[in-house]
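J.: Okay, here's the prediction I keep looking at, along with the sequence it came from:
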Amino acid sequence: MKITAQQFRMLGRACFFGRLVHELRMAYPRFTVDVETARLVRALEVHVPAARSYGMHDEYSLAAYLHAAWLFGNNFDIRIPIIAQILSDPDLAARDKARALGDFSVVALRVIERNGGEVMA
């Protein structure tokens, strides 16, 4: 059996989103248990063009962006000024932008929790 280039790309895409959905389900079980996998994938897919517009094409940086988008919602990259500044900085590599998103997510969730808000974990 021969796999075409398009089939190979689709398989890779499915594996990427499958791993990301699994990560979200493990990290935030209460908030993902009732959500169908296909719905989670669609909710993540809509953010791919924005991530790519910031130069985030590799799996690591793309996953970090999609994770942040799921946590902070639509247009987080515009609504949160420090994130907008980081993502639009042409001198920052995609990997550095991804690390900044991860660091921001951890700090934001800690602050929410410390101030009595509900954290997804």
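T.: Sure, I can see it. Residues are numbered from 1 along each chain as shown.
J.: What ranges in this protein fall below the confidence cut-off?
T.: By pLDDT under 70, the low-scoring segments of the chain are 1-3, 8, 117-121.
J.: In it, mark out all the helices, start to finish.
T.: 5-27, 29-32, 37-45, 48-53, 59-72, 76-79, 81-87, 94-114 (DSSP state H).
J.: Report the residue ranges of every domain in the protein.
T.: 1-45, 47-116 (automatic domain parsing).
J.: which of the ones you listed sits most buried?
T.: Most buried of the domains of the chain, by mean neighbour count (mean count of other Cβ atoms under 10 Å): domain 47-116, with a mean of 16. In short, each C-beta sits where N, CA and C put it, glycine included.
J.: And it, end to end?
T.: One end of domain 47-116 to the other measures 29 Å (Cα to Cα, to the nearest Å).
J.: before we move on, what about stretch 75-89?
T.: Taking Cα to Cα, the first and last residues of stretch 75-89 lie 17 Å apart.
J.: Pull the distance from it to the chain's centre.
T.: 14 Å (Cα atoms, centre = their mean, to the nearest Å).
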